[in-house]
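In: Quick one, fold the following:
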Amino acid sequence: MKPSSTQSMLSAIATLGPLGYAPAPGTVGSAAALLIGGTVTITLGMIPLVIMIIIVTIISFPAIDAHSAITGKHDASEIIIDEVIGQWLVLLAIPVMASPESAYLYTLLAAFVLFRIFDITKPPPVSTAEELPGAAGVIADDIMAGVLAGVVLMASFQFYGWVMA
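Out: Down below sits the predicted model:
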């Protein structure tokens with residue numbers, strides 16, 4: 001059965017168009033999210049990022065469900081909208097700077113690396129969240145990976161002191 005145009009559009013959202021079919025799609029999706037999220041926080045602040053997280057999370061449920069219905073695969077590797085949500089959540093742990101100082105850019109890079117480590121290795125509670133059914137499980141593991149990465153960043157700020165001024 002041919003997917004409807006709405007299903008096809010939602011599927012494209014779930015994969016971020018062609019980015020989901022690139023080599024290492026999770027890393028590509030996380031990098032795209034970092035570039036967009038970092039730019040938004042630097043230029044507009046945290047509130048727009050929070051709004052973006054809410055909107056993308058709401059859209060991701062039907063998008064993931066549509067892609068799964070079309071492909072018959074649960075949590076296919078080409079679904080990367082969930083990486084966007086998780087990567088953006090990590091950014092909420094980083095105090096925003098008015099200009100992209102090198103220390104801020106390094107912190108963004110650390111946020112990316114930490115998120116990818118937790119997303120790839122899936123330690124508990126990331127692996128536990130992944131067991132939820134349907135789109136919730138696809139999204140929940142990335143949310144948990146983002147939260148854990150954010151906690152590690154915030155702990156490192158406390159341990160080492162916040163050096164950006």
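
In: Tell me how far residue 2 lies from residue 61.
Out: 23 Å (Cβ to Cβ, to the nearest Å). The way it works is simple: take the backbone N, C-alpha and C, and place the C-beta from them, glycine included.

In: How about residue 96?
Out: Residue 96 is 28 Å from residue 61, by Cβ to Cβ.

In: thinking again about what came up before, out of residue 2 and residue 61, which sits in the more crowded spot?
Out: Per other Cβ atoms under 10 Å, whichever of residue 2 and residue 61 has more neighbours is residue 61, with 17 against 7.

In: who are the neighbours in contact with the more buried one?
Out: Contact analysis of residue 61 by Cβ atoms under 8 Å, 6 or more residues apart in numbering lists 135-136, 139.

In: Now, of those, which are buried?
Out: For the contacts of residue 61, a burial check counting by 16 or more other Cβ atoms under 10 Å picks out 135, 139.

In: can I get the contacts of residue 61 in JSON lines with distance to residue 76?
Out: Output for the contacts of residue 61, formatted as JSON lines (distance: Cβ to Cβ, whole Å):
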{"residue": "135", "distance to residue 76": "12"}
{"residue": "136", "distance to residue 76": "16"}
{"residue": "139", "distance to residue 76": "14"}
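
In: which of the contacts of residue 61 lies closest to residue 83?
Out: Of all the contacts of residue 61, residue 139 has the smallest distance to residue 83: 10.0 Å, by Cβ to Cβ.

In: ok now do that closest one, which residues does it touch?
Out: 57, 60-61, 64, 82, 85.

In: switch the cut-off to 10 Å
Out: Contacts here follow Cβ atoms under 10 Å, 6 or more residues apart in numbering; on that basis residue 139 touches 56-57, 60-61, 64, 75, 79, 81-82, 85-86, 129-130, 132.

In: most neighbours, which of those?
Out: residue 86 (30 neighbours).

In: Give the residue spans of this protein that score low on pLDDT.
Out: 97-100, 162-165 (pLDDT under 70).

In: Let me see the ranges of the helices in it.
Out: Secondary structure of the chain (DSSP state H): helices at 5-14, 25-43, 46-71, 81-91, 102-121, 126-130, 134-160.

In: ok, now which ones touch residue 14?
Out: 20, 59-68, 70-71, 76, 78-82, 135, 138.

In: Residue 88 now?
Out: Here residue 88 is in contact with 30, 33-34, 36-38, 40-41, 49-50, 52-53, 56-57, 111, 115, 142, 146 (Cβ under 10 Å, 6+ apart).

In: before we move on, what about residue 141?
Out: Contacts of residue 141 by Cβ under 10 Å, 6+ apart are 75, 82, 86, 118-119, 122, 125-132.
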